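Enquirer: Based on what follows, work out the 3D shape:
(chains A, B, C and D)
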There are 2 protein chains.
Amino acid sequence: MTQTFPAESNAQFWLSMPCIHPETIRLVQEKMPASSVLAELADFYKLFGDGTRLRILTALSIAELCVCDLSALLDMKQPAVSHQLRVLKQGRVVRARREGKVVYYALNDEHIRNVLQVGLEHLGERQEVEEVF
Amino acid sequence: MTQTFPAESNAQFWLSMPCIHPETIRLVQEKMPASSVLAELADFYKLFGDGTRLRILTALSIAELCVCDLSALLDMKQPAVSHQLRVLKQGRVVRARREGKVVYYALNDEHIRNVLQVGLEHLGERQEVEEVF
DNA sequence: TGATTATATGTTCACATGTACATATGATTT
DNA sequence: AAATCATATGTACATGTGAACATATAATCA
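Expert: The predicted structure is shown next:
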């Protein structure tokens, strides 16, 4: 019989494990943002974590576009585009402007462009590193 | 009978739709990164799009930690932590260093810290905007 | 070598999520 | 008002994914 685990999830058990560095843990605990904040941040990043949405966002970072434009540009069915636009709108990453029958979408603020930029830069640097090997 | 759709996904069909702004689409097409690049970028963001992984990354942005520390800190079962660490390692977001039985994890590079920073800043700004209303 | 400790892996399952399809809504035009 | 066009929504379904659990591996120590 090897290591035995408790029947149910039990914080006390894990906190009593012998291998931990208590001081380090306390330090990190103090400096960590609240779990709720990080959950919210995760939801934000999740919006960028899908190929379709990222293509939409990249396109909107270049120009304001209507659903129909996006549908043609991305070669996707219109309902699929609308669906993702709704997700992005609920996440306050894009905003919509109606002009007659046409709805134009744009990035909600400049900050979104930054996030895309930082990600692309990281990818670029990683590629360069890999080329060396 | 309203709008009829083609039987299968067909780029030509969508490009021939009457509502599009062809010039804008061409402009965006020229400036857009390749789909493969954006898919890779999406995979990168996906790593940040989970509460657990984000808590791990935030913790590691403060201090180098072993699996056991993380398990205690996050109040999670050790296998679950190991699982996410593997995902993060495969995504080259963290790196591991073995010291005897203990494996210490750390952020792979400073760029990761930047990404976390940018996200937290965005969240901060958004909160301030919401407080006004 | 055998025992113990720290970590990793494999399997299963519940759940989230993206798309297709059909259809509804909203706005313009005749 | 009816027709038409652009967009939105609802449902069904397939796929991806995170955690629990059991177990395997790696390293140290008696």
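
Enquirer: Hmm, residue A:119 and residue A:61 touching each other?
Expert: No: the criterion here is Cβ atoms under 8 Å, and residue A:61 misses it with residue A:119 at 11.6 Å. (Glycine included, C-beta is placed from N, CA and C.)

Enquirer: between these two, which one's more packed in?
Expert: residue A:119 (23 against 18; other Cβ atoms under 10 Å in any protein chain shown).

Enquirer: mind checking which helix or strand that one is in?
Expert: When elements are assigned from DSSP states H and E, residue A:119 belongs to helix A:110-132.

Enquirer: that older thread, and for residue A:61 and residue A:119, which residues touch both?
Expert: Between them, residue A:61 and residue A:119 share no contacting residue under Cβ atoms under 8 Å, 6 or more residues apart in numbering or on different chains.

Enquirer: any bit of stretch A:40-47 sitting next to DNA strand D?
Expert: No: counting by Cβ under 7 Å from any atom of the strand, DNA strand D is not contacted by stretch A:40-47; separation bottoms out at 9.2 Å.

Enquirer: Same question for stretch A:53-66.
Expert: Yes: applying Cβ under 7 Å from any atom of the strand, one finds stretch A:53-66 in contact with DNA strand D at residue A:66.

Enquirer: what's the distance between the residue nearest the centre of chain A and residue B:116?
Expert: A centroid search over chain A (Cα atoms, centre = their mean) returns residue A:45, at 1.4 Å, as the residue closest to the centre. Separation of residue A:45 from residue B:116 (Cβ to Cβ, to the nearest Å) stands at 10 Å.

Enquirer: Moving C-terminal from the least confident helix or strand in chain A by mean pLDDT, which element do we reach first?
Expert: When each helix and strand of chain A is scored by mean pLDDT, DSSP states H and E, helix A:11-15 comes last, with a mean of 39. Downstream of helix A:11-15, the first helix or strand assigned by DSSP H and E is helix A:22-31.

Enquirer: and that next one, what other elements does it pack with?
Expert: If contacts are counted by 3 or more Cβ pairs under 8 Å, 6 or more residues apart in numbering or on different chains; DSSP states H and E, helix A:22-31 sits against helix B:51-62, helix B:67-74.

Enquirer: can I get the ones you listed in a markdown table with mean pLDDT?
Expert: Shown next, in a markdown table, are the helices and strands packed on helix A:22-31 (pLDDT from 0 to 100):
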| stretch | mean pLDDT |
| --- | --- |
| helix B:51-62 | 97 |
| helix B:67-74 | 94 |
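
Enquirer: can you list these in a markdown table and add distance to residue A:107?
Expert: Putting the helices and strands packed on helix A:22-31 into a markdown table (distance: least, Cβ to Cβ, whole Å) gives the following:
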| stretch | distance to residue A:107 |
| --- | --- |
| helix B:51-62 | 23 |
| helix B:67-74 | 33 |
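
Enquirer: In a markdown table: the ones you listed, plus distance to chain A.
Expert: Below are these laid out as a markdown table (distance: least, Cβ to the nearest Cβ, whole Å):
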| stretch | distance to chain A |
| --- | --- |
| helix B:51-62 | 5 |
| helix B:67-74 | 4 |
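
Enquirer: got a list of what the nearest residue to the residue nearest to the centre of chain A once chain neighbours are set aside touches?
Expert: Closest residue in space to residue A:45, ignoring its immediate chain neighbours: residue B:48 at 3.9 Å, by Cβ to Cβ, 6 or more residues apart in numbering or on different chains. The contact partners of residue B:48, taken as Cβ under 8 Å, 6+ apart, are A:41-42, A:45, A:49, B:54, B:57, B:115-116, B:119.
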